[in-house]
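**Q** Structure for this input, please:
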Amino acid sequence: MDSFAANSKKSFHIRSNSLPSKPHPVVDEVNENLCKLRASEEATSSSSSLCQKLDGLQDLQDSIDKLLLLPLSHQAPVDNKSVDDLLEGSLKILDVCALAKDVLSQMKESAHELESALRRRKDDKIDVQKYLNSRKMVKKAIHMTLKGMKKTNFQKSDESSEIVSLLKEAETVTYNSIESLLLFVAGPKFPSKMSRWSLVSKFIQPKKVVSKDEDTNENEVEMVDVALCSITNHKSDFLVQVEDVQKSLRKLESCICDFEEDLESLYRRLVKNRVSFLNILNH
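**A** Predicted coordinates:
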């Protein structure tokens, strides 16, 4: 009789877990943040859109922080493979985020040095070439690192618990967003002559009226690259272009500062959530 009662309770427990239940508000919050970030993946990459993505990633990690504190997260069934995948994935995200921070720091230092040299009105092109060489190293480091990383494309399965699915999807969206930032910073490998001329023409015609949309979508990194390439590859009057190049460098430094601030905040959240996940596994 006792055995029958125990089996009945066990069966009831299993059935009750399989019944559909209303999602927890925190789960809804995570899903909402994921939807916003997925929708932004199709948008054209610009400094403003990338800052919005980084802000969205911080909101996502804040909601995951709440998720990991819920009892349902501590009770969710997680197999060993999923645990290994999640831990490996979180390390990958931290690595790519750290790369982005290092790249931006190096770029800001190079831009500041060049801007200082231009302010002194030096008429040689040594500092310009030094900056361009640094940019080549940055591009190479970014492309090599991204090529060596296995891109995550999570496909939800029936075997995955809801918590695991949310964490893996968050990993994918986060990686894609940081990858977009790195590719924005790297710029095109081989800009076409037409695109170079289009950008250089903005310096040749400083009084040209640029539409708000066009100004919003321009790449501050590429604008500096192309302007400096025009100085080193052509018989341009260096001093005539100094003022315009300085203006572009100031825009670039401001853009980098915004990225750095958002990335540092995101990095802290990523570390905190990894620690929270490890704590769950140790209990």
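**Q** any idea how far stretch 91-108 is from the chain center?
**A** On the basis of C-alpha atoms, centre = their mean, to the nearest Å, stretch 91-108 sits 9 Å off its chain's mean C-alpha point.
**Q** That one - what's its average pLDDT?
**A** The pLDDT scores in stretch 91-108 average 95.
**Q** So which residues make contact with it?
**A** Stretch 91-108 has contacts (C-beta atoms under 8 Å, 6 or more residues apart in numbering) with 134-135, 138, 141-142, 145-146, 149, 152, 171, 174-175, 178-179, 181-182, 185, 221, 252-253, 256-257, 259-260, 263-264, 266-267, 270-271, 274. For every residue, glycine as well, the C-beta is placed using N, CA and C.
**Q** go on, stretch 252-261?
**A** So stretch 252-261 is contacted by 47, 50-51, 54, 100-101, 104-105, 107-108, 111-112, 115, 181, 220-221, 223-224 (C-beta under 8 Å, 6+ apart).
**Q** just the buried members of the residues you listed?
**A** 47, 50-51, 54, 100-101, 104, 107-108, 111, 115, 181, 220-221, 223-224 (16 or more other C-beta atoms under 10 Å).
**Q** sorry, back to before: from the contacts of stretch 91-108, list the buried ones, please.
**A** 134-135, 138, 141-142, 146, 152, 171, 174-175, 178-179, 181-182, 185, 221, 252-253, 256, 259-260, 263, 266-267, 270, 274.
**Q** can you tell me which of the residues you listed are in helices?
**A** Judged by DSSP state H, those include 134-135, 138, 141-142, 146, 171, 174-175, 178-179, 181-182, 185, 221, 252-253, 256, 259-260, 263, 266-267, 270, 274 as members of helices.
**Q** residue boundaries of the helices in this structure?
**A** 2-18, 25-40, 47-69, 71-75, 80-119, 126-148, 162-186, 193-204, 212-217, 220-233, 238-281.
**Q** lowest-confidence stretch among these?
**A** helix 2-18 (a mean of 39).
**Q** which residue is nearest the centroid of the protein?
**A** Geometric centre of the chain, nearest residue: residue 178, 1.8 Å, by C-alpha atoms, centre = their mean.
**Q** mind listing what that residue touches?
**A** 57, 93, 96-97, 100.
**Q** Tally up the residues packed near residue 83, please.
**A** For residue 83, the neighbour count with other C-beta atoms under 10 Å is 14.
**Q** where does residue 79 fall, phi/psi-wise?
**A** In terms of degrees, to the nearest 10, the main-chain angles of residue 79 are phi -80, psi 170.
**Q** and it, how far is that from residue 161?
**A** Distance from residue 79 to residue 161, counting by C-beta to C-beta, to the nearest Å: 9 Å.
**Q** Looking at the two, which one has more neighbours?
**A** residue 161 (16 against 12).
**Q** That one reaches residue 78, doesn't it?
**A** Yes. Contact criterion C-beta atoms under 8 Å: residue 161 and residue 78 qualify, at 6.5 Å.
**Q** Assess the claim that residue 229 and residue 135 are in contact.
**A** No. The pair residue 229 / residue 135 is not scored as a contact, 9.8 Å apart, by C-beta under 8 Å.
**Q** since we're on residue 23, how many residues are nearby?
**A** Neighbours around residue 23, by other C-beta under 10 Å: 12.
**Q** Any idea how many residues pack against the nearest residue in space to it that is not next to it in sequence?
**A** Ranked by C-beta to C-beta, 6 or more residues apart in numbering and with sequence neighbours excluded, the top spatial neighbour of residue 23 is residue 31, at 7.7 Å. When neighbours are counted by other C-beta under 10 Å, residue 31 registers 15.
**Q** Now do residue 31 against residue 166, distance only.
**A** Taking C-beta to C-beta, one finds residue 31 at 7 Å from residue 166.
**Q** Spatially, what comes nearest to residue 269 if we skip its sequence neighbours?
**A** residue 61 (3.8 Å).
**Q** and the one you found, how many residues sit next to it?
**A** 22.
**Q** Cool, thanks, talk later.
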